[in-house]
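>>> Return a 3D structure for these sequence lines:
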Amino acid sequence: MKTALQIIFVFVILGLGYLIYDSINQPIEFQDQQAKRQTAVVNRLKMIREAQVAYKSIYEKYTGSFDTLIDFVKTGNFKITKNEGSLTDSMLNAGMTEKEALKLGIIKRDTVLVSVKDSLCGELDPDSLRFVPFSPDKAQFEIAATALTSSSGLVIPVFEASVTNKVYLKGLDNQERINLDDMAKKLGRFPGLKVGSVEEANNNAGNWE
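Reported below is the predicted structural model:
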């Protein structure tokens, strides 16, 4: 009887030890996986932002359609200004301005068209632009675009692309994710990752920046 009690006691100790270990390790594991996923999602949102900026440089507005944006990335070009030459220290000390240097041909500026796909996507398939990294069910980012009118009457094109914690952290510890959402709610922040805004002109900033 005594031996049986000792064996049961050992198993109880081992079980408690595992529970303590798991309670400590689980948040650490969640944080590691969250950081990994967040990095991938942020990189994809930055790419969406670059594609939107390129789109706006041609059409003077953003698009709220991934189909339109992806087609533009696949086939479109956007303008960049290529600079050649520069002012030397002696020119600057002599008081020469950039405008004067342009007139003299010391500095040259040319507007050239660059492939959106080659410039922005690298090896990434443009069709993947809409999908949230690590999503087991190929969840897509939310995307929207509109135009706001400032107090001075200026019309400002804006866009946003976003994904909630619930979507991009799917499959990880649900209680830890709920804790993140609760914290965001208390701070009045978006419960996830987002770039740009259709509610205010924020210079296309990401909420991680």
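>>> shaky segments in the protein?
The chain contains residues with pLDDT under 70 at 1-26, 82, 110, 121-123.
>>> Would you state the helices of it in chain order?
For the chain, the helices defined by DSSP state H occupy 2-59, 66-75, 89-93, 98-104, 116, 165-168, 174-187.
>>> Just tell me which of those helices ends up closest to Lys138.
For the helices of the chain, the distance to Lys138 is smallest for helix 165-168, at 11.0 Å, taking C-beta to C-beta. (Glycine included, C-beta is placed from N, CA and C.)
>>> how distant is that closest one from the center of its chain?
Its chain's C-alpha centre and that of helix 165-168 lie 14 Å apart, by C-alpha atoms, centre = their mean, to the nearest Å.
>>> And for Asn93, the neighbour number?
9 (other C-beta atoms under 10 Å).
>>> In the sheet, which residues pair with Phe159? Tell me.
Ala145 (DSSP bridges).
>>> Is it correct that it is in contact with Ile143?
Yes. Using C-beta atoms under 8 Å, Phe159 is in contact with Ile143, at 7.2 Å.
>>> which residues do the two both contact?
Gly64 (C-beta atoms under 8 Å, 6 or more residues apart in numbering).
>>> Pick the most deeply packed of the helices of the chain.
Each of the helices of the chain was scored by mean neighbour count; the highest is helix 116, a mean of 23, by mean count of other C-beta atoms under 10 Å.
>>> ok, Asn77 to Leu120 distance?
To Leu120, Asn77 is 12 Å away according to C-beta to C-beta, to the nearest Å.
>>> and these two? which has more neighbours close in?
Neighbours were counted for Asn77 and for Leu120 using other C-beta under 10 Å; Leu120 has more, 21 against 17.
>>> can you tell me how far the residue found closest to the more buried one once you drop the neighbours it is linked to in the chain sits from Asn93?
Among residues not flanking Leu120 along the chain, Glu50 sits closest, at 5.0 Å (C-beta to C-beta, 6 or more residues apart in numbering). To Asn93, Glu50 is 38 Å away according to C-beta to C-beta.
>>> can you check Gln31 too?
54 Å.
>>> do Met47 as well
Counting by C-beta to C-beta, the gap from Met47 to Asn93 is 43 Å.
>>> now Ile48
From Ile48 to Asn93 the distance is 45 Å (C-beta to C-beta).
>>> swap in Asp67?
Applying C-beta to C-beta to Asp67 and Asn93 gives a distance of 55 Å.
>>> do the same with Asp181
Distance from Asp181 to Asn93, by C-beta to C-beta: 58 Å.
>>> Looks like the residue nearest to Leu120 contacts Lys117 (just checking).
No. With contact defined as C-beta under 8 Å, Glu50 does not count as touching Lys117 (11.6 Å).
>>> need the contact list for the residue nearest to Leu87 when sequence neighbours are not counted.
Excluding its sequence neighbours, the residue lying closest to Leu87 (C-beta to C-beta, 6+ apart) is Ala101, at 5.6 Å. If a contact means C-beta under 8 Å, 6+ apart, then Ala101 has 85, 87, 91, 107 as its contacts.
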